[in-house]
Structures are given as structure tokens and as C-alpha cells.
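Peer 1: The following block contains a protein sequence and its predicted model.
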Amino acid sequence: MEIKKLASLALFTTLSLAVYAAESAVPPLVPLPGIKLGLANIVTLILLRHFSCKDALLVLSARILLSTFLFSQAMSLIYSLAGGFLSLLVMAFTLKLLSQKTSFLAGAMGGLAHNIGQLAAAYALTASPGVLAYLPHLILGGVLTGLFTGLCASLSEKYLIPHLKKG
């Protein structure tokens, strides 16, 4: 891996971890578990559009591991991995299938997939059908927050990417 690319990916990892930390310090928008903005996914969307899926996976994995180690409990690692990896796959597929210009739609699909992945992990761990009662709320929350992060990714690309291409 060339030095410039490695430095860029380290920068994106740091940025996503900082965004995650800042969002973790803010109280939840709604009093339901699992619904938050997911602002660190802005970085994942940018990576999917301007780098490779492999690079996005590398940064996402590093962020999940570091954020779990620094800010969460060990149990949250399972939920974060399930939601994060499914979200990444769905966002990559959405961008490839439709167009690279559909960050807002990829964000919505990624938010939905993230919540479904976490719910599937919760069901697998607890074997309790009661966790599925959250599904309607998580669907709505995932789509709305994903639309927001997709829009933020589109807007931030206008300022971030030109600086990366210069450097």
C-alpha cells in the first residue's frame, strides 16, 4: 500500500473515530435503543465513493474495534460488527447498482441495513422474539438517519475530496 493512501486511510479512521466519540457524548435523539444518527457512516460512504470497498471495510473495522475498546462494552462489538458490515455491503451494492451519485439513497439503505443487522445479532444472542418488536421503529429510524448521513456525506465530499486530491 502506498504511503499517501495509507496516510489517507489513517486520517479517515481518525475522523470516523472522532465523529463517533462526539456523537456518543450527545444524548440520544429518541428514547429507543439502537436509534442514533450514525454520523461515522459519513466516512464510510465517502470511502465507498472515492476509494475501494476493501478500504472502506478496513477503516470501518478499525473504527469499530477502537470505538469498542475506548467507549463501549465488549458486548457492543458483536452488534457493531453485525450492523456495520451489513450496512457496508448494502451501501456498496446500492452505489454500484444505481449510481455513484446516490449517497443519500445509499445512506438510507445503509441505515436500514445497520439496524436490521443489529436486530439480527440481538435475536441470535437472546433467542427472544420480543426484540423483533423494535423492528418498525428501527426501520423508520434507520431510513431517516441514513438519509441524513447520506446527505451529509454528499455535502462534505465537496469540501473534503478536493483537498485530498491536492495533497
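Peer 2: Happy to help now that I have it. Numbers count the residues shown, from 1 in each chain.

Peer 1: Quick check: the gap between the residue nearest the centre of the chain and residue 128.
Peer 2: Against the mean C-alpha coordinate of the chain, by Cα atoms, centre = their mean, the closest residue is residue 41 at 3.1 Å. Residue 41 is 27 Å from residue 128, where distance means Cβ to Cβ, to the nearest Å. For every residue, glycine as well, the C-beta is placed using N, CA and C.

Peer 1: same question, residue 60
Peer 2: Distance of residue 60 to residue 128, given as Cβ to Cβ: 28 Å.

Peer 1: So between the two, which is more surrounded?
Peer 2: Taking other Cβ atoms under 10 Å, residue 60 and residue 128 do not tie; residue 60 has more neighbours (25 against 10).

Peer 1: so what secondary structure elements neighbour the helix or strand hosting the more buried one?
Peer 2: Element membership for residue 60, per DSSP states H and E: helix 53-71. With contacts taken as 3 or more Cβ pairs under 8 Å, 6 or more residues apart in numbering; DSSP states H and E, helix 53-71 sits against helix 3-24, helix 41-50, helix 76-97.

Peer 1: The nearest residue to residue 91 once chain neighbours are set aside - how many residues pack around it?
Peer 2: Nearest non-adjacent residue to residue 91, counting by Cβ to Cβ, 6 or more residues apart in numbering: residue 110, 3.9 Å away. Neighbours of residue 110 under the rule other Cβ under 10 Å: 35.

Peer 1: Could you export stretch 125-133 as CSV, CA atoms only?
Peer 2: Extracted in CSV, the C-alpha atoms of stretch 125-133 (Å, rounded to 0.1, in the frame of the first residue of the first chain):
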residue,chain,number,x,y,z
LEU,A,125,-27.9,-13.8,21.1
THR,A,126,-31.1,-13.8,23.0
ALA,A,127,-33.3,-16.1,21.0
SER,A,128,-36.1,-13.9,22.2
PRO,A,129,-38.8,-12.9,19.7
GLY,A,130,-39.5,-9.9,21.8
VAL,A,131,-36.6,-8.0,20.3
LEU,A,132,-38.4,-8.1,17.0
ALA,A,133,-41.0,-5.6,18.4
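
Peer 1: start the count at 47, not 1, going forward
Peer 2: Okay, using 47 as the starting number, the last item reads as stretch 171-179.
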